[in-house]
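*Asks:* Need a 3D model of the sequence below.
(3 chains)
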Amino acid sequence: MADREGTLAWLFLMPSVVYILALVALPFLLAIGYSLSDVTAGDPSFDWVGTRNFQRVFEDPVFWRSLGNTFVFTLISMALIVVLGKVLANILVADFRGKWVVRFLVLLPWTTPVALSSIAWLWMLDSIFSPIDWVLRQLGLIEGNMYWLGEPGLAMASVIAVHVWRLTPLAAVIMVAGLVAIPRDLDEAARVDGAGYWRRMFEVTIPLVLPVAAVAALFGAIFTFTDMAVVDVLTNGGPNNATQVLTSWAFFRGIDGGDVGQGAAIALFLFPLLLAAAIAILRAVRRLEVR
Amino acid sequence: MNQQAKYARRHIAARAGLYFGAILAALICAAPFLWSMVTAFKQNRDLYNPENNPFRYNRPATSDHVLYLFDNTSFTTFAWNTLWVGVLVVVITLSLGLPAAYALARLDRPWAGWFGVAIFLVYLVPPSLLFLSLSRLVVGVGLQDSTWSLVLIYPTITIPVSIWLLIGFLKAVPKDIEEQAMVDGFSRLAAFWRAVVPLTFPGIVAVVVFAFTLTASEFIYALAFVSPTTEKVLSTGVPTELVRGDVFFWQSLQAATVLAAIPIAIVFNVFLDRFIAGFTQGAVKG
Amino acid sequence: MAIVEVRNLVKEFPGGVRAVDGIDLATEEDEYLVLLGPSGCGKTTLLRMIAGLEQQSAGDVLIDGEVVSGLPPRARQVAMVFQSYALYPHKTVLANIVFPLRAARVEKSERDRKARWAADLLGISHLLARKPRQLSGGERQRVALARALVRQPKVFLLDEPLSNLDAKLRASARDELKRFQDEVRTTTVYVTHDQTEAMGLGDRIAVLSQGRVRQVGPPMQVYDDPADTFVATFIGSPPMNLVPRGDVLVGFRPEHLLPSEVAPGGLPVTLKVDRLEYLSGDRHVYGTAIGVGEPTRVVARLPATVEADVAVGEEQPFAVPARRIRYFDAESGVRTQAGSS
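*Replies:* Numbering: from 1, shown residues only, chains lettered A, B, ... in the order given. Here you go, the predicted structure:
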């Protein structure tokens, strides 16, 4: 019996494992290979060049700019996503009239394909016809336009804002799952014990939802970290590479520029950072299991 | 009685705060889409006048630009491509992922726990790391510039996360039920198919929805593998084909965004609770 | 003065279910009042309304003479022990115990002193640094009691605090609760569905059914003089025998149905014995009672001291002492003074 179960287990697992090995593990190894070779779109022959791609990447100031941007975008977005996600989760677990409408609208940013919602934002932040600018003009706060996507600082802020806008609902949904899992008794016990709203929130709810919040944070971080759709649609890396991130830069060099080797070298840079994030997720999940 | 009034006031303040927060959150989240809906029906002369109040129709609304989307662009092709790619990917995902999830959730191998986590970690390997080598692979199998390349590649994203969710749903099915089926004379395989799968059906539906939205949102692979207009999907077709050089067909673009966003959001909302349940079960017991 | 009083209290849940259907009840000072009833009788809802966790649909809750309707739990100075104990899993035992004091902004030295006092009283001083998940069920219960105790509330509310313990532990935990009560002497409202707990702990018992109070009284009174057939059959194991006779029901407890040689002069009952059980010294005799009214299945409980021969399949003379017989109206189930016919 045990033997048959073992065979069945492997039979059931094999197709998925093969699929993933062939289309994830193999390309991953290939990417490492490309980064050490001179493959280009025009010349697919594979010649070993050692670390030359990496050296050239390191000499490129745009790479460092992209790396820095990636970190800035990820860290700031992550912090905002967790805080706003918790606030939003508190709203979503409460009972009120018209809740389904609110829930529907709140989830729109996440369920909409990111390239499309970025287009909606592109129009909101248009250099001439932005309604935000119009309101500011009417209030007499500005003259002319803000150029949300044209000024380096504003462009970075805009990209971060879109990331936060897009991922906060996801974080909120994950945290709702965490909040719902807290036994009702605990909150009621705290109420009878005389704790007010804020004390209950900071001393009971937040500590208990922390492992789940960590998962939400890391999801948010990974999605921001590896995304290029927002940057690609909103700014295309501009102005003057002010919003360039590793993924978009790798795409630019590897696909648009045709230098597969360099593109792969840039993309590979994501890996150790992601691995660290993955280990952190694992730990968060472990802590969840202990409960 | 004074105290009662105090707490009654506080209660009212708390409710008011809740409604205020809920409405504010809904408005911020929906703002770009609401703006898109206003824009989609505007005449050019109304839209492109910075002096006009952009929040109202200074000239009569027109549906020309929305119709343009259907008559003169490949929007319907993009939508159709997104749909059939999504359906095929979901089919592949379930036929590979469901047995794998069952093996990890039920067949009681000592390594199942770690294997489950390893598969989940694959989900975290992002397209941005793989698209370069995968695009060479796609060329290698002759699928470059074909929508079929997406059918081949997307399951690498959906299978890991689906296995993760399905493990949670499968573990929620009482073991007794399939043991009863086996005692009643079914083989393990038949017990899985006849007893477990029907009971997991709600979870399976949630996974289908989730996998479909993932494929509909994917951007990098679609951008890297496919360039002919007729082979594109919504998420790449709309941003690239409705922009001619520097000329943006704004009203049509906004209409396309809203038209794509609403159906996905509706379906997702219907299954949100299931998804939440699956997420916690997978996380807690995975 | 009554510490806790409810007046015409009603709780109607959405959908029209009346969990509590007009209850008037008041505790006496330092009294241990047990709310006893089957699941779904409204006893927990009543307790939660007293605590302020649930708002009543109508009526009033008074604590210490003041109407507290509309006040949140923290303004009511009550302490509650939950069925699950609801210990904060991320806090140590000490942090759990001082939590209510911190919420009340008691200063630190005073907090520590009170926590130590409560921990000593409950014998958990050696556990203060542990987390709840490292404790046994009995220890958790004591931590929950300590947390309720430190605030020195006007009233303790206990919601089935023993139901999460296994049967063996339950008896000793009940004993401890009683000792605890004797020491702290604070008004307590205790909810349970277990009549043994109710009889053992309560100064008075309020028997609830379908959202109404059926009877309130000391354990002996509730047992010996049930107000209606619900109380008569809910309390007692095996329950009171009820034999229909005309428009009344003749009620008598199994332990009062005895062979006629040990109960001379009582109401004669002919018992057609069909089954015997021997339970920890007592004999339970199952059979059909003839001669009281309509033939009805009844149970007799013979204590070990009664050695009369009882054999299955035979009709034997039994009797019930006249002062042990209770009469109920057959229609309403309410107690009546004497039987007609």
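*Asks:* I'd like the mean pLDDT over the one helix or strand C:Val250 maps to, please.
*Replies:* Using DSSP states H and E, C:Val250 sits in strand C:248-252. Averaging pLDDT along strand C:248-252 gives 92.
*Asks:* and that strand, which strands flank it?
*Replies:* Under the criterion DSSP bridges, strand C:248-252 sits next to strand C:241-245 (antiparallel), strand C:326-329 (antiparallel) in its sheet.
*Asks:* now what about the shortest one, what contacts it?
*Replies:* When contacts are defined by CB atoms under 8 Å, 6 or more residues apart in numbering or on different chains, strand C:326-329 is touched by residues C:225-226, C:228-229, C:232, C:240, C:242, C:247-252, C:334-339. For the C-beta atoms, the positions are set from N, CA and C on the backbone; glycine is no exception.
*Asks:* For that strand, what is the distance to the chain centroid?
*Replies:* Chain-centre distance of strand C:326-329: 23 Å, with CA atoms, centre = their mean, to the nearest Å.
*Asks:* buried residues in it?
*Replies:* C:326-328 (16 or more other CB atoms under 10 Å in any protein chain shown).
*Asks:* now these in TSV, with distance to C:Leu201?
*Replies:* Below are those laid out as TSV (distance: CB to CB, whole Å):
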residue	distance to C:Leu201
C:Arg326	25
C:Tyr327	30
C:Phe328	28
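*Asks:* Dump those residues to a markdown table, plus distance to B:Phe41 and pLDDT.
*Replies:* Below are these laid out as a markdown table (distance: CB to CB, whole Å; pLDDT from 0 to 100):
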| residue | distance to B:Phe41 | pLDDT |
| --- | --- | --- |
| C:Arg326 | 82 | 92 |
| C:Tyr327 | 83 | 92 |
| C:Phe328 | 77 | 93 |
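*Asks:* Looking at the residues you listed, which is nearest C:Glu110?
*Replies:* Ranked by distance to C:Glu110 (CB to CB), the buried residues of strand C:326-329 are led by C:Arg326 at 54.5 Å.
*Asks:* Distance-wise, check that closest one relative to chain A.
*Replies:* 41 Å (CB to the nearest CB, to the nearest Å).
*Asks:* what ranges of the chain fall below the confidence cut-off?
*Replies:* In the absence of a named chain, this looks at chain A. Applying pLDDT under 70 to chain A flags residues A:1-4, A:281-282, A:284-291.
*Asks:* wrong one, chain C
*Replies:* C:1-2, C:338-341.
*Asks:* Nearest to chain B within it, name that residue for me.
*Replies:* Chain C approaches chain B most closely through C:Gly70 (4.7 Å), counting by CB to the nearest CB.
*Asks:* what about C:Ala19, which helix or strand?
*Replies:* Applying DSSP H and E, one finds C:Ala19 within strand C:17-26.
*Asks:* quick one: buried residues of that strand?
*Replies:* For strand C:17-26, using 16+ other CB under 10 Å, the buried residues are C:18-21, C:23, C:25.
*Asks:* which one of those residues is nearest B:Ala103?
*Replies:* C:Ala19 (46.7 Å).
*Asks:* pretty sure the closest one is touching C:Val10, no?
*Replies:* No: assessed by CB atoms under 8 Å, C:Ala19 is found out of contact with C:Val10, at 9.0 Å.
*Asks:* on that earlier part again, which elements pack onto the helix or strand following the strand holding C:Val250?
*Replies:* Downstream of strand C:248-252, the first helix or strand assigned by DSSP H and E is strand C:258-259. Using 3 or more CB pairs under 8 Å, 6 or more residues apart in numbering or on different chains; DSSP states H and E, the elements in contact with strand C:258-259 are strand C:296-302, strand C:315-320.
*Asks:* Mind putting these into TSV with distance to C:Ser172?
*Replies:* As requested, the helices and strands packed on strand C:258-259 are exported to TSV (distance: least, CB to CB, whole Å):
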stretch	distance to C:Ser172
strand C:296-302	26
strand C:315-320	36
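*Asks:* want to throw these into CSV with distance to chain A and mean neighbour count?
*Replies:* Formatted as CSV, the helices and strands packed on strand C:258-259 follow (distance: least, CB to the nearest CB, whole Å; neighbours: other CB atoms under 10 Å in any protein chain shown):
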stretch, distance to chain A, mean neighbour count
strand C:296-302, 40, 20
strand C:315-320, 47, 20
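*Asks:* what comes up buried for the longest helix along chain A?
*Replies:* Ranked by residue count under DSSP state H, the longest helix found in chain A is helix A:61-93. For helix A:61-93, the neighbour count (16+ other CB under 10 Å) marks A:62-63, A:65-67, A:69-70, A:73-74, A:76-78, A:80-82, A:84-86, A:88-92 as buried.
*Asks:* ok, the residue nearest to C:Pro89 when sequence neighbours are not counted - contacts?
*Replies:* Counting by CB to CB, 6 or more residues apart in numbering or on different chains, C:Pro89 lies nearest to C:Pro132, which is 5.5 Å off, once chain neighbours are set aside. Residues in contact with C:Pro132 (CB under 8 Å, 6+ apart) are C:85, C:87-89, C:91, C:93, C:96, C:140, C:143.
*Asks:* And for B:Arg244?
*Replies:* Contact analysis of B:Arg244 by CB under 8 Å, 6+ apart lists nothing.
*Asks:* before we move on, what about the one 4 residues further on?
*Replies:* Contacts for B:Phe248 were tallied using CB under 8 Å, 6+ apart; they are B:Leu242.
*Asks:* Now do the phi/psi pair for it.
*Replies:* Main-chain torsions, B:Phe248, degrees, to the nearest 10: phi -100, psi 130.
*Asks:* ditto for C:Thr92
*Replies:* The phi/psi pair for C:Thr92 (degrees, to the nearest 10) is phi -70, psi 170.
*Asks:* how about it, what does it touch?
*Replies:* Counting by CB under 8 Å, 6+ apart, C:Thr92 touches C:128-131.
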